[in-house]
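Q: Show me how the following folds:
(2 chains)
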Amino acid sequence: MSDAVGEQLALDVGSLRQAIQEEYAEVASHPQKGFHFHTGRPLARMLEYADEWLEGIPESSIESFAGTGNPFSVGELLPGERVVDAGCGAGIDSMIAAKKVGPKGCVIGVDMTPTMLEKARYAAKEARLSNVEFREGYAEALPVDDGWADVVISNGVLNLMPDKSAALEEMSRVLKPGGRLQIGDILVQKAVPESAKRKIDLWTG
Amino acid sequence: MAAGFIGFEITWSKDVFSDAPQAGSAEKFGTLGINFRARKAVNEEEWTEAMAALSCEVPAQRSVEALAEKP
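A: As a prediction, the model looks like this:
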């Protein structure tokens, strides 16, 4: 997320990132606390995740799931493909992707919240998935080489970024030519006033 | 679409915030969960073609009288 966009919105980008990190650290540490969004297995069902996708994925990861859509419903991931999960959280989508692409494929999950990454790494080890790796970073500066991925997935993350163009450009950078974008996110049907865009608590809630 | 993506398509939408444990701003803004997909253009030529296809002509507005004459 660029400082320029933050300035346009009169928004302190650093404070926004910190607020988002704190919110999602809570989702990682206390998933049963109750948030302004649904979480966990009930949310996965609501978003039409197939039960078999979740088989073998540790409950510690599923309980901190906080997506807003279903990146797997918009296109198949094929064996051997390379996938980047931008804003992977506790790793549920990364691990589903790892199962779908199989041992010849590879998945890189990226998240800015260390507590989420700890859960994701632990869960992948528990699930014995060796084709998924988790890296700390921002979706606007993905720690992935140019043209590495066949598919970029993301779930409930773009809406948290003031500079969505920068995030999309970064996703484009890491994709091969012809690579696919499969995203779950949100859409607002009523205009959000400029004043509301400056309220950090509205970004996180 | 920006960033070299083409074929943008929203494939699904649903109210995924109702009855969440805490009240939020989702209802106020009519917020829906969505799924969407797009594809990175294979090359500059495909990107240029996709951009050209996005331009559209707005049909000339017919007068009320003309509409009445020729439904």
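Q: can you give me the strands for chain A?
A: Assigned by DSSP state E, the strands in chain A fall at A:82-86, A:106-111, A:132-136, A:149-155, A:175-188.
Q: Pipe those strands into JSON lines and attach mean pLDDT and distance to B:Ala52 per row.
A: Heads up, the C-betas are built off the backbone N, CA and C, glycines and all. Converted to JSON lines, the strands of chain A look like this (pLDDT from 0 to 100; distance: least, C-beta to C-beta, whole Å):
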{"stretch": "strand A:82-86", "mean pLDDT": "98", "distance to B:Ala52": "30"}
{"stretch": "strand A:106-111", "mean pLDDT": "98", "distance to B:Ala52": "34"}
{"stretch": "strand A:132-136", "mean pLDDT": "98", "distance to B:Ala52": "38"}
{"stretch": "strand A:149-155", "mean pLDDT": "98", "distance to B:Ala52": "25"}
{"stretch": "strand A:175-188", "mean pLDDT": "96", "distance to B:Ala52": "19"}
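Q: Tell me which of these is the most buried.
A: strand A:82-86 (a mean of 28; mean count of other C-beta atoms under 10 Å in any protein chain shown).
Q: just to revisit the earlier point, quick one, which of the strands of chain A gets closest to chain B.
A: strand A:175-188 (4.3 Å; C-beta to the nearest C-beta).
Q: neighbouring strands for the closest one, and are they parallel or not?
A: strand A:149-155 (parallel), strand B:31-40 (antiparallel) (DSSP bridges).
Q: picking that back up, include distance to A:Glu52 when you put the strands of chain A into a markdown table, please.
A: Shown next, in a markdown table, are these (distance: least, C-beta to C-beta, whole Å):
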| stretch | distance to A:Glu52 |
| --- | --- |
| strand A:82-86 | 18 |
| strand A:106-111 | 18 |
| strand A:132-136 | 18 |
| strand A:149-155 | 18 |
| strand A:175-188 | 19 |
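Q: Out of these, the one nearest A:Phe37 is which?
A: strand A:175-188 (9.6 Å; C-beta to C-beta).
Q: and the longest helix for the chain?
A: By default, I'm working from chain A. Using DSSP state H, we find that the single longest helix of chain A is helix A:13-29.
Q: Switch to chain B, please.
A: Under DSSP H, chain B gives helix B:44-54 as its longest helix.
Q: That helix packs against which elements?
A: With contacts defined as 3 or more C-beta pairs under 8 Å, 6 or more residues apart in numbering or on different chains; DSSP states H and E, helix B:44-54 has these neighbours: strand B:5-14.
Q: how near is the closest residue to A:Leu78 other than its chain neighbours to A:His38?
A: Closest residue to A:Leu78 apart from its sequence neighbours, by C-beta to C-beta, 6 or more residues apart in numbering or on different chains: A:Val101 at 7.0 Å. Computed as C-beta to C-beta, to the nearest Å, the A:Val101 to A:His38 distance reads 27 Å.
Q: Give me the residues contacting stretch A:175-183.
A: A:69, A:71-72, A:74-75, A:147-155, A:158, A:171, B:5, B:35-43 (C-beta atoms under 8 Å, 6 or more residues apart in numbering or on different chains).
Q: still on that earlier bit, please identify the buried residues of the longest helix of chain B?
A: Within helix B:44-54, the residues that count as buried by 16 or more other C-beta atoms under 10 Å in any protein chain shown are B:46-47, B:50.
Q: and which of those residues is nearest to B:Gly30?
A: B:Ala50 (29.7 Å).
Q: Could you pull up the contacting residues of the closest one?
A: B:6-7, B:41.
Q: if I look at it, how far off is A:Ser172?
A: According to C-beta to C-beta, B:Ala50 and A:Ser172 sit 13 Å apart.
Q: could the strands paired with strand A:175-188 go into CSV alongside distance to A:Ala97?
A: Supplementary listing: the strands paired with strand A:175-188 in CSV, determined by distance: least, C-beta to C-beta, whole Å:
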stretch, distance to A:Ala97
strand A:149-155, 6
strand B:31-40, 15
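Q: out of these, nearest to A:Asp93?
A: Comparing the strands paired with strand A:175-188 by C-beta to C-beta, strand A:149-155 comes nearest, at 5.5 Å.
Q: circling back to that earlier point, of all the strands paired with strand A:175-188, which one comes closest to A:Gln32?
A: strand A:149-155 (20.5 Å).
Q: which residues touch the closest one?
A: By C-beta under 8 Å, 6+ apart, strand A:149-155 touches A:67-72, A:75, A:77-78, A:81-87, A:89, A:93, A:97, A:108, A:139, A:171, A:174-176, A:179-185.
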